[in-house]
Structures are given as C-alpha cells and as structure tokens.
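[1] for reference, the sequence and a predicted model appear below.
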Amino acid sequence: MENVSDMTVKINGKEVAASVRKDVKDEVERITAQTGKGLGLAVVLVGDDPASKVYVRLKDKACTEVGMTSMQHTLPANTSQNNLLQLIDELNSAEEVNGILVQLPLPEHLDEEVVLDRIDPNKDVDGFHPVNVGLLSQKLAKLMPCTPAGCIELLDRYKIPIEGAHAVIVGRSNIVGKPVAMMLLHRNATVTVCHSRTKNLAEITSQADILIAAIGKPHFITRDMVKDGAAIIDVGINRVDNKLVGDVDYDNVHDKTSFITPVPGGVGPMTIAMLLYNTLMAYKIQHKLLV
Ligand code: NDP
C-alpha cells in the first residue's frame with residue numbers, strides 16, 4: 001500500500017489485479033492437472049478498429065499468462081450479421097470454449113443487442129446478456145460485468161466498508177454505472193445514482209462515503225465535490241494531450257480522500273483480471289462445480 005498523504009491510501013489496481021490473476025492461474029493449473037483439459041476463452045473481433053485490436057491483444061496475452069487457451073476470431077469489417085451469429089452459435093456449442101467475448105463497439109451495420117443476446121448466458125464472460133443482467137438484479141448472478149466487479153474487488157481488498165456507507169455513482173451506463181450500483185446495493189450500501197440530468201450534483205457527491213466516477217469526462221470530479229475522508233474509485237479513462245487521465249481531478253482531490261484509485265493503474269488493470277476470473281466461473285458453471 002502506498003500513502004499519497006498522511007491520511008490517504010493510493011489504491012494499487014495493478015497489485016490487486018496481479019493477485020486475482022495469480023489466484024485464477026493456480027486454479028486453472030489445478031483443473032488442468034485433474035482433468036487433462038484446459039480452459040478456453042474465445043474473443044471475437046469484427047473489423048480493425050485500432051483500440052479494439054489493442055484490447056484484444058491484451059486479453060489474449062492475459063489469458064495465455066494464466067494458462068488458458070485464447071481463441072481469437074477476427075472477421076472483416078463488412079461481415080454480415082448472419083455470419084457473426086453463425087460464429088457465435090458455433091462457439092456456444094464448442095466444448096473447448098468456456099467464455100465468449102465479442103469486442104465492442106461493433107461496426108454500425110451490426111445490431112449489438114442481437115449479437116450479445118445470442119451468446120450462451122453461461123459463456124457470457126462480459127456479463128452483458130439480459131439473463132445475467134436479470135440475475136444480477138436478483139442477487140443471483142455468477143457472471144457479473146468485469147469493470148464493476150473490479151471496483152468491488154478493490155473496495156474489498158482494501159477493506160473499505162461498504163455496508164451502511166452512502167455510495168454515490170456518477171454515471172448510469174449498462175456496463176459500469178448500473179451494475180456497480182446493483183452490486184453495492186446488494187452489499188448493503190445506500191446507493192445514489194447520478195447522471196447528466198441530476199440536479200445539485202456536487203451537493204450529492206459531497207455526501208458520498210464511496211464515490212464512483214464513471215462519466216467519461218476528464219477531471220470532472222473536483223475538490224469541492226468530495227467529502228473529507230471519502231473513498232474514490234475512478235473508472236474514467238480519458239486521453240488528454242496523449243496522456244490517460246481519469247474522471248477525477250486526482251492532483252487536487254487526493255489529499256482529501258481516505259482511499260483513491262489513480263488513472264492509469266487503478267480500475268483499468270482490474271477489468272482484464274475479472275474477465276479471467278469470469279472465464280473460470282463460466283467453466284465452473286458449465287461443469288456444475290458451483291453450489
Ligand atoms: P457512458 O458514456 O456510457 O456513460 C457515461 C455516464 O456519465 C452517463 O450515464 C451520463 O449520463 C453520465 N454523465 C455524462 N455527463 C455527465 C454530467 N455532466 N453530469 C453527470 N453525469 C454525466 O460511459 P461508460 O459508462 O461506458 O464509461 C464511463 C467511463 O469509464 C469512460 O471514461 C470509459 O472510458 C471508462 N471505462 C473504463 C473501463 C475500465 O476498464 N477502466 C471500462 C469501461 C469504461 P446520461 O446517462 O444522462 O447520459
């Protein structure tokens with residue numbers, strides 16, 4: 001743990017992510033030794049968006065490092081919806097594929113919703129399938145979206161109390177804001193979700209014991225919006241002058257907080273770690289190893 005001031009702990013996402021990956025690796029090794037079979041993650045990339053290619057390469061590398069097989073399927077940008085759905089059907093029924101991830105965004109002519117809905121919910125390692133979203137809202141989900149799950153893991157690893165805390169989330173997207181709100185609610189936080197139409201935003205964020213910023217606007221959360229001693233999880237990834245910065249004005253805010261994630265090196269590394277964790281969970285679901 002690194003202190004950024006006498007009172008503040010800078011959350012080390014790289015360290016926590018490495019520890020999650022190590023746990024996954026140990027379990028993958030055990031399963032492989034016991035069964036003689038490995039675990040596999042299929043990643044589908046349509047087109048050649050440079051950022052998506054980087055993400056897919058990182059996922060491929062992370063997979064290999066924990067001893068899983070990474071199966072990359074790259075389709076041309078003009079792939080038809082039917083071709084893509086056919087590939088997903090094949091991956092759904094392939095025994096060696098435990099997890100399926102379709103890299104987003106898809107080219108415009110493809111219907112993201114239809115494509116994601118086609119993935120077998122038990123192989124949906126992104127946790128975006130409506131069945132898994134429904135299970136999450138009922139507190140029954142085993143496959144939860146990776147970035148929100150990563151935020152909770154950071155809070156837990158740093159023993160930041162969730163029960164009874166007022167958690168304020170700025171952002172209500174399906175991939176971050178809403179699922180993290182649900183997860184915090186299930187952990188008995190009192191949850192407030194803010195968005196672009198929220199009135200008196202600073203007044204609300206100033207009441208947060210836990211503040212989660214998932215907005216996509218550089219340095220949006222300023223010092224006056226933060227309560228003394230709050231724990232801040234900054235999900236934002238914004239490129240400013242060729243540098244990555246978060247949604248929180250870190251330099252001017254950190255010494256007011258008890259815990260804070262930096263960008264980069266906070267939530268970012270957790271997303272891929274939780275993807276690997278989800279692939280392991282998917283394997284266990286498919287082999288009925290979860291009670
Ligand atoms: P979205 O653009 O889907 O959602 C942004 C949310 O912020 C919306 O709910 C929007 O409100 C809200 N918002 C926008 N402007 C304001 C404002 N002025 N006041 C209050 N709320 C506002 O983004 P994502 O959830 O996909 O991503 C958020 C950030 O997290 C991005 O920087 C993204 O890059 C990053 N990210 C990082 C990941 C990681 O691995 N670390 C993974 C995923 C995302 P409304 O709904 O009203 O429009």
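    Arrived safely, thanks for sending. Numbering: from 1, shown residues only.
[2] mind listing what's buried in the lengthiest helix in the chain?
    In the chain, with assignment by DSSP state H, the single longest helix is helix 13-35. Buried positions in helix 13-35, judged by neighbour count with 16 or more other Cβ atoms under 10 Å: 13-14, 16-17, 20-21, 24-25, 27-28, 31. The way it works is simple: take the backbone N, C-alpha and C, and place the C-beta from them, glycine included.
[3] mind listing the helices for the stretch 51-200 of the chain?
    81-93, 112-118, 130-137, 146-157, 177-186 (DSSP state H, counting those that start in this stretch).
[4] closest one to the ligand among those?
    helix 146-157 (4.1 Å; Cβ to the nearest ligand atom).
[5] now the residue minimising distance to the centre of the chain: closest residue in space, sequence neighbours ignored.
    What sits nearest the mean C-alpha location of the chain, by Cα atoms, centre = their mean, is T147, with 1.4 Å. Nearest non-adjacent residue to T147, counting by Cβ to Cβ, 6 or more residues apart in numbering: T271, 4.8 Å away.
[6] likewise P76?
    Nearest to P76 is G47, by Cβ to Cβ, 6+ apart, at 7.1 Å.
[7] which positions in the stretch 151-291 of the chain make contact with the ligand?
    Within the stretch 151-291 of the chain, the positions lying close to the ligand (Cβ under 6 Å from any ligand atom) are 170-173, 175-177, 194-198, 201, 214-217, 235-238, 267-268, 271.
[8] narrow those residues to those in strands?
    170, 194, 238 (DSSP state E).
[9] burial of L201, as a residue count?
    17 (other Cβ atoms under 10 Å).
[10] just checking, it touches T222?
    No: using Cβ atoms under 8 Å as the test, L201 is too far from T222 to be in contact (10.8 Å).
[11] which residues of the stretch 1-150 of the chain lie near the ligand?
    Counting by Cβ under 6 Å from any ligand atom, the residues of the stretch 1-150 of the chain near the ligand are T147.
[12] show me where pLDDT drops low in the stretch 1-150 of the chain?
    Filtered on pLDDT under 70, the stretch 1-150 of the chain yields the residue ranges 1-6.
[13] let's see 90
    1-7 (pLDDT under 90).
[14] which residue is the nearest non-sequential neighbour of V263?
    Counting by Cβ to Cβ, 6+ apart, the residue nearest V263 is G246, at 3.3 Å.
[15] list the contacts for that neighbour?
    213, 218-219, 234-238, 261-263, 266 (Cβ atoms under 8 Å, 6 or more residues apart in numbering).
[16] list the buried residues for stretch 133-144?
    For stretch 133-144, by 16+ other Cβ under 10 Å, it's 133, 135-136, 141-144.
[17] likewise stretch 241-260?
    Buried, per 16+ other Cβ under 10 Å, within stretch 241-260: 245-250, 253-254, 256-260.
[18] so which of these belong to strands?
    245, 259-260.
[19] ok, back up a step: make TSV out of the helices of the stretch 51-200 of the chain and add distance to G99.
    Putting the helices of the stretch 51-200 of the chain into TSV (distance: least, Cβ to Cβ, whole Å) gives the following:
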stretch	distance to G99
helix 81-93	9
helix 112-118	14
helix 130-137	12
helix 146-157	11
helix 177-186	18
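[20] quick one: closest of the ones you listed to C63.
    helix 146-157 (13.3 Å; Cβ to Cβ).
[21] CA atoms only: put the closest one into PDB for me.
    Taking Å, rounded to 0.1, in the frame of the first residue of the first chain, the C-alpha atoms of helix 146-157 are listed here in PDB:
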ATOM      1  CA  CYS A 146     -15.900  -7.100 -15.300                       C
ATOM      2  CA  THR A 147     -15.300  -3.400 -14.600                       C
ATOM      3  CA  PRO A 148     -17.900  -3.100 -11.900                       C
ATOM      4  CA  ALA A 149     -16.800  -6.400 -10.300                       C
ATOM      5  CA  GLY A 150     -13.300  -5.000 -10.400                       C
ATOM      6  CA  CYS A 151     -14.400  -1.900  -8.500                       C
ATOM      7  CA  ILE A 152     -16.000  -4.000  -5.700                       C
ATOM      8  CA  GLU A 153     -12.800  -6.200  -5.600                       C
ATOM      9  CA  LEU A 154     -10.700  -3.100  -5.000                       C
ATOM     10  CA  LEU A 155     -13.000  -1.900  -2.200                       C
ATOM     11  CA  ASP A 156     -12.900  -5.400  -0.600                       C
ATOM     12  CA  ARG A 157      -9.100  -5.900  -0.900                       C
END
